[in-house]
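Asker: build the 3D model from these lines:
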Amino acid sequence: MDYIRGRNREAPDPGRAREIPSETTVGTIRYAGSDLPMKFEDRFLAHLQVVIAAKLRRGEGFVFSWTDPPETANGRNSMWIDSHISIEFRFSYAARAPINPDWIELLFTSSNSTNGLVALPEPEKEADL
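Answerer: I've put the predicted structure just below:
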C-alpha cells in the first residue's frame with residue numbers, strides 16, 4: 001500500500017526544507033523506544049499524528065493497525081497506543097503537509113470502532129457539481 005509505506009529516497013536538501021516535495025516522502029514512528037521504527041508516507045503520518053495526539057489528549061488508549069506492502073512481507077501489524085508510552089513522529093521534510101479534514105474524520109471514526117485506528121487511504125475529493 002503505497003500510501004502507508006514509501007520507498008527509500010535520497011536525503012532532503014536542507015536548502016529545500018520549506019518545500020513539500022511532489023514525490024512520496026517517508027517518515028517514521030518510534031513507539032516506546034523501539035529500535036524498529038515504523039515507516040509511513042509523510043502525508044499519512046501527518047494525519048495519523050493529528051488523530052493520535054487528539055486521542056491521547058483525551059486519555060484514550062486504542063489499537064492502531066496497518067498492513068505491510070506486498071513487496072516487503074505482506075503482514076498485518078497492531079499495537080496498543082497509550083498516553084503512558086512515549087511516541088515519536090519523525091518527518092522527512094520540515095514543511096507541514098496540508099491536512100484533509102475528511103481523512104481526519106475517517107481516521108477518527110475508525111479509531112472509535114472495535115477494530116481501533118486502522119490505516120486507511122485518503123478519501124478522494126468529490127467533484128464540484
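
Asker: for the spatially most central residue of the chain, helix, strand, or coil?
Answerer: Among the residues of the chain, the one closest to the centroid is residue 45, at 2.6 Å (Cα atoms, centre = their mean). When classified by DSSP: H, G, I helix; E, B strand; the rest coil, residue 45 comes out as helix.

Asker: that one contacts residue 89, doesn't it?
Answerer: Yes - counting by Cβ atoms under 8 Å, residue 45 touches residue 89, with 6.2 Å between them. Every residue, glycine included, has its C-beta placed from N, CA and C.

Asker: so what sits against both of these two?
Answerer: Any residue near both residue 45 and residue 89 by Cβ atoms under 8 Å, 6 or more residues apart in numbering counts here, and that gives 27, 28, 29.

Asker: just among those, which is most surrounded?
Answerer: residue 27 (23 neighbours; other Cβ atoms under 10 Å).
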